[in-house]
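> Turn this into a model:
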Amino acid sequence: MSGSARRVALDIIGARIPPGAYDGFARLDERDRALVKELVTGTERWKRFLDFYISWFCHRPLEKIAPEVLNALRLGTYQLVFMGLPPYAAVNSVVECLRAKSHRGFVNGVLRAITRNPGHIELPSLDACPKQYAGIRYSFPDWIVSRYFGSFGMQDALALLKVQNYPPPVTLRVNMTKTDRAHLIKTLQNGGLSARPGNLGISIRVVGGRKVSEFPGYREGLFAVQNEAAMIATMVLGPTRGDVVWDMCAAPGGKTMHIAELVSDAGLVVASDVGKHRTALITESSKRLGFGNISTAVLDATNPSEAANVLESAGLPVCFDKVLVDAACSGLGVIGKHPDIKWMRRESDIADMARRQSLLLSTAARFLKPGGTLVYSACTLTQEENEDVWRCFLDAHEDLIPVDETVRFDDGARVFRMENGWGYLLPHIHGTDGFFIAKALKRQC
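Prediction:
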């Protein structure tokens, strides 16, 4: 494991960019690229815990330490505490990344102190200070911890915080127009991947392995990468052969492809988003998977007049059997895959997102046929963006009737139940991303 990989990791952490966006990343060999991803993601995921750990062995307040030096301390501590690397490897490799001799001496001293006293820290008491304990132990900001405690209770909040620190396996949705699950699992296994049936009849889980674009069957369009929570959102929508469906916030297109498969060539999916670069992702996926029943549109669905003009100008429908609103949100449900959300998202963002989500739902109601189905989903776990938005929407639209659904998982033990027209999928209960899903039917005239 080379020192250059640590230097790249340190630069990426400082720049707050994905590894693939860093110029030097592509020049590393496969082993070092994997190491960089582990170091960057792990250090980001456990940042608050690492800072607490470092503070026990550092005589300076952390806020007075230069950013690069603090990131080096985090990187070294992560290797010692979470990766279990020998002290000489973890300490020396990080110290050598620093350019200034004074910085090297300081970092070396703190990390050596940690190696001499492994585990010699004391967390806040779970009994006396449960939220403070949870925030440090599971490395989450206080505002997310408080929301989880308030929404789900202490025990479920602790379980949720814990599971969101572990990246979920890659989940594939089988393209049933080209293959079946048993055949695709065999194809993946023959290609050297660890593949097994997922929790739904259309899903497969793959642990480890190569980039998804290198999986057997990718180029042939035998599968789409999609979490089972997103699959369930489409299942709740219930597209059937011949339906005309609007996927309102469609990019990158996972649900669009699922809908297109279910409505078949007899139906149509209008997939819209706010920019050409986003709808281009949908077009790319539709070509790979082989669906010719998808039309894309660039529009701002918070503005119903603009939406109508764009759809009419393109010769597309303006009245739909079903509408899916999978709205942009704070994303707390996908922290397992994107740990940077912990630190990038602000609690103050939520009110603006909720306002936009409400506008999207109002537009959806206007374009929905009598007797049609509307599903609202969001990959977040805040009350304001989920049940509050949904309840206010229903209060303002008496012609929409909430509908309950039940989705049973293949193992027979887990069930997703909606009550009063909505429900939550939770990582620690369902083994999926965190998702809110709500459903309503429009009254017949």
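
> Please count neighbours and contacts with C-alpha atoms only from this point.
Noted.

> Next, the buried residues of whichever strand or helix holds Arg205.
Assessed by DSSP states H and E, Arg205 sits inside strand 203-207. Judged by neighbour count using 16 or more other CA atoms under 10 Å, the buried positions of strand 203-207 are 203-206.

> after it comes which helix or strand?
strand 223-225.

> Indicate each strand paired with that following strand and its parallel or antiparallel sense.
strand 170-174 (antiparallel) (DSSP bridges).

> quick check: angle from the partner strand to strand 203-207?
Here strand 170-174 runs at an angle of 150 degrees relative to strand 203-207 (axes from the mean of the first three to the mean of the last three CA atoms, to 10 degrees).

> ok, residues contacting strand 170-174?
180-181, 184, 198, 202-207, 222-228, 231 (CA atoms under 8 Å, 6 or more residues apart in numbering).

> Show me the shaky parts of the chain.
Under the criterion pLDDT under 70, the flagged ranges of the chain are 1-3, 209.

> report the longest helix in it, please.
In the chain, with assignment by DSSP state H, the single longest helix is helix 142-163.

> buried stuff in it?
Here helix 142-163 shows 144-146, 148-149, 154, 156-158, 160-163 as buried, counting by 16+ other CA under 10 Å.

> before we move on, what about stretch 112-122?
112, 114-115.

> circling back: and the longest helix of the chain, what does it pack onto?
Applying 3 or more CA pairs under 8 Å, 6 or more residues apart in numbering; DSSP states H and E, one finds that helix 142-163 contacts helix 130-137, helix 427-430.

> quick check: angle from it to helix 130-137?
60 degrees.

> can you give me the strands for the stretch 251-400 of the chain?
According to DSSP state E, counting those that start in this stretch, the stretch 251-400 of the chain carries its strands in the segments 268-273, 294-298, 320-326, 368-378, 400-402.

> now for those strands, which one comes closest to Leu85?
strand 368-378 (39.1 Å; CA to CA).

> now the closest one against strand 320-326, angle please.
Going by the same axes, to 10 degrees, strand 368-378 makes 20 degrees with strand 320-326.

> So what are the sheet partners of strand 368-378 and their directions?
Strand pairing for strand 368-378, using DSSP bridges, gives strand 320-326 (parallel), strand 435-442 (antiparallel).

> Export only the CA atoms of the first one, formatted as CSV.
Once non-C-alpha atoms are left out, strand 320-326 reads as follows in CSV (Å, rounded to 0.1, in the frame of the first residue of the first chain):
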residue,chain,number,x,y,z
PHE,A,320,-51.6,10.8,-17.1
ASP,A,321,-52.8,7.5,-15.7
LYS,A,322,-50.1,7.6,-13.1
VAL,A,323,-47.6,10.1,-11.8
LEU,A,324,-44.5,9.4,-9.7
VAL,A,325,-43.0,12.3,-7.8
ASP,A,326,-39.7,11.2,-6.5
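
> what's next to it, contact-wise?
237, 239, 243-250, 360-361, 364, 367-369, 371-378.

> rewinding a little: how about the strands of the stretch 251-400 of the chain in JSON lines, adding distance to Leu123 and mean neighbour count?
Below are the strands of the stretch 251-400 of the chain laid out as JSON lines (distance: least, CA to CA, whole Å; neighbours: other CA atoms under 10 Å):
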{"stretch": "strand 268-273", "distance to Leu123": "45", "mean neighbour count": "25"}
{"stretch": "strand 294-298", "distance to Leu123": "50", "mean neighbour count": "20"}
{"stretch": "strand 320-326", "distance to Leu123": "39", "mean neighbour count": "24"}
{"stretch": "strand 368-378", "distance to Leu123": "34", "mean neighbour count": "23"}
{"stretch": "strand 400-402", "distance to Leu123": "45", "mean neighbour count": "20"}
